[in-house]
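*Asks:* fold the following.
(one chain, ligands or ions: 3)
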Amino acid sequence: MGVRCVAIGSCGRGKIDTGVVWMAFRGCGAAAAVLALLSAAIALYGPPLHAVIQRAFSLHKAHSTKDMENLFQLVRNIVPALTSKKHKGQDGRIGIVGGCQEYTGAPYFAGISALKVGADLTHVFCTREAAPVIKSYSPELIVHPVLDSSNALQEVEKWLPRLHALVVGPGLGRDDFLLNNVMNILEATKARDIPIIIDADGLWLIAQLPALIHGYQKAILTPNRVEFSRLWEAVLTGPVDTKDHSGSVLKLSQALGNITVVQKGEHDLISDGWQVLVCSQEGSSRRCGGQGDLLSGSLGVMAHWALLAGREKTNGSNPLLVAAWGACTLTRECNHQAFQKYGRSTTTTDMIAEVGTAFSKLFKT
Ligand SMILES: NC(=O)C1=CN([C@@H]2O[C@H](COP(=O)(O)OP(=O)(O)OC[C@H]3O[C@@H](n4cnc5c(N)ncnc54)[C@H](O)[C@@H]3O)[C@@H](O)[C@H]2O)[C@@H](O)CC1
Ligand SMILES: Nc1ncnc2c1ncn2[C@@H]1O[C@H](COP(=O)(O)OP(=O)(O)OP(=O)(O)O)[C@@H](O)[C@H]1O
Ligand SMILES: [Mg+2]
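*Replies:* Ligands and ions are numbered 1, 2, ... in the order given. Below is the predicted model:
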């Protein structure tokens, strides 16, 4: 049965809001009628029934043009206006935790992407020896060589009150001492209710200690396929269902306490354990390293914008789902545009140079 459906938004009890629940059924006759009734019931009776139905019928792709246009509009709604009344920092102060001896490119890519998307300030917290290297890539990043010091937590905590979001993991490495410091930083960040995006080696840490992030509603995990499997093995039994990608991402999010999970791949699947959004924006076949860092940095700033805008601006939808869909769409469009110019030689630096035009094309209001 070819049921394709995307639901986005939460539903007030006893009130159907067609603006927040979209369903697209294709080629499934009587079964569609049954599902249509169930959809109406979802709208009437709210999230608990919603969850049950979603578990019973795993969600698939949203392809209708109207669904897509609605999603684009929700992203546009969260983008803050550029006005002369604002002060530096208001549109985003984003922290990146990562950067070690081996990996200096990843935290740079994440940090510069956050700035190019529209953050005002980016702080990179990295190891002592990585810092001069990262600084030399860009004068625009503020770089703190603190992550491998014995007082790393205190050093980062000085800045936490000023940060709007923290991206943890790009180029972090897997040294036990560093990971222990990051564990403490994560606890302190949660205590301040700051949104946290976790990628790369940050996901390695979460796979060792899922309780660190379980149930934290302002967390977004951005695993690639391999990182997804590691997380799955940490919190679920049996192999990942490779025939039901949407069902798998939904289950992983639920097993982690309904935190937002973005599974990157040919199509990006985004779930908070209630809904699954699909991002199929055209990219290219070029898979150079660093694209995930562009995504995590962009998502840092968009998560902040989305939470600031709130559900009012996202038509009742989970703001983090909207932010994640926006960041995935942007990353893929950057890839597409760069590939048009450079083909096989496209690198992440070329993609980052496209952020401005890609953003205007997709989200300019
Ligand atoms: N220039 C840089 O400094 C870069 C550093 N990076 C950092 O490198 C560190 C290790 O990251 P890795 O991504 O290598 O993580 P892992 O060491 O966990 O390796 C994952 C492996 O899975 C492979 N893989 C990814 N997607 C796959 C798929 N769909 N199917 C099959 N295999 C797949 C990758 O090629 C990689 O070899 C992280 O700290 C990361 O941030 C990367 O972000 C790339 C750029
Ligand atoms: N097969 C694919 N086709 C199109 N886009 C893809 C494909 N795989 C990944 N992407 C896109 O590339 C971006 C980064 O995903 P990717 O899987 O490369 O992350 P990653 O492995 O963590 O990258 P990194 O090298 O930065 O660690 C995502 O926005 C995703 O949509
Ligand atoms: Mg990665």
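
*Asks:* and stretch 334-351, how far apart are its ends?
*Replies:* Criterion Cα to Cα, to the nearest Å; first-to-last residue distance in stretch 334-351 is 5 Å.

*Asks:* residues of that stretch that come out buried?
*Replies:* The neighbour-count check on stretch 334-351 (16 or more other Cβ atoms under 10 Å) flags 334-339, 346, 348-351 as buried. In this view, the C-beta of every residue, glycine as well, is placed from N, C-alpha and C.

*Asks:* farthest-apart pair in the residues you listed, please.
*Replies:* Across the buried residues of stretch 334-351, the longest distance by Cβ to Cβ is 15.9 Å; it joins His336 and Thr349.

*Asks:* so where does the most centrally placed residue in the chain fall, helix or strand?
*Replies:* Centroid check for the chain by Cα atoms, centre = their mean gives Ala324 as the closest residue, at 3.9 Å. Assigned by DSSP states H and E, Ala324 belongs to helix 319-342.

*Asks:* who are the packing partners of that helix?
*Replies:* Packing partners of helix 319-342 (3 or more Cβ pairs under 8 Å, 6 or more residues apart in numbering; DSSP states H and E): helix 65-78, strand 219-221, strand 260-263, strand 268-271, strand 276-279, helix 291-309, helix 348-352, helix 355-363.

*Asks:* list the strands paired with the shortest one, with their directions.
*Replies:* Based on DSSP bridges, the strands next to strand 219-221 in the sheet, each with its direction, are strand 196-198 (parallel), strand 260-263 (parallel).

*Asks:* near ligand 2, which residues of the stretch 51-200 of the chain show up?
*Replies:* For the stretch 51-200 of the chain, the residues in contact with ligand 2 (Cβ under 6 Å from any ligand atom) are Ala200.

*Asks:* and if we set it to 8 Å?
*Replies:* 106, 109, 170, 199-200 (Cβ under 8 Å from any ligand atom).

*Asks:* rewinding a little: enumerate every residue touching the residue nearest to the centre of the chain.
*Replies:* Counting by Cβ atoms under 8 Å, 6 or more residues apart in numbering, Ala324 touches 220, 222, 260, 262, 270, 277, 299, 302-303.

*Asks:* tabulate those (a markdown table), appending pLDDT, neighbour count and distance to ligand 1.
*Replies:* Below are the contacts of Ala324 laid out as a markdown table (pLDDT from 0 to 100; neighbours: other Cβ atoms under 10 Å; distance: Cβ to the nearest ligand atom, whole Å):
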| residue | pLDDT | neighbour count | distance to ligand 1 |
| --- | --- | --- | --- |
| Ile220 | 99 | 29 | 16 |
| Thr222 | 99 | 29 | 11 |
| Thr260 | 98 | 26 | 19 |
| Val262 | 98 | 31 | 14 |
| Ile270 | 98 | 28 | 17 |
| Leu277 | 98 | 27 | 19 |
| Leu299 | 99 | 33 | 14 |
| Met302 | 98 | 33 | 19 |
| Ala303 | 98 | 32 | 18 |
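
*Asks:* could I get the residues you listed in a markdown table, plus columns for distance to His214?
*Replies:* Below are these laid out as a markdown table (distance: Cβ to Cβ, whole Å):
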| residue | distance to His214 |
| --- | --- |
| Ile220 | 14 |
| Thr222 | 17 |
| Thr260 | 13 |
| Val262 | 17 |
| Ile270 | 19 |
| Leu277 | 22 |
| Leu299 | 20 |
| Met302 | 24 |
| Ala303 | 19 |
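
*Asks:* out of the residues you listed, who's nearest Ala119?
*Replies:* Nearest to Ala119 among the contacts of Ala324: Met302, at 9.6 Å, using Cβ to Cβ.

*Asks:* rewinding a little: mind checking which of the strands paired with strand 219-221 is nearest Trp204?
*Replies:* That would be strand 196-198 among the strands paired with strand 219-221, by Cβ to Cβ, at 9.8 Å.
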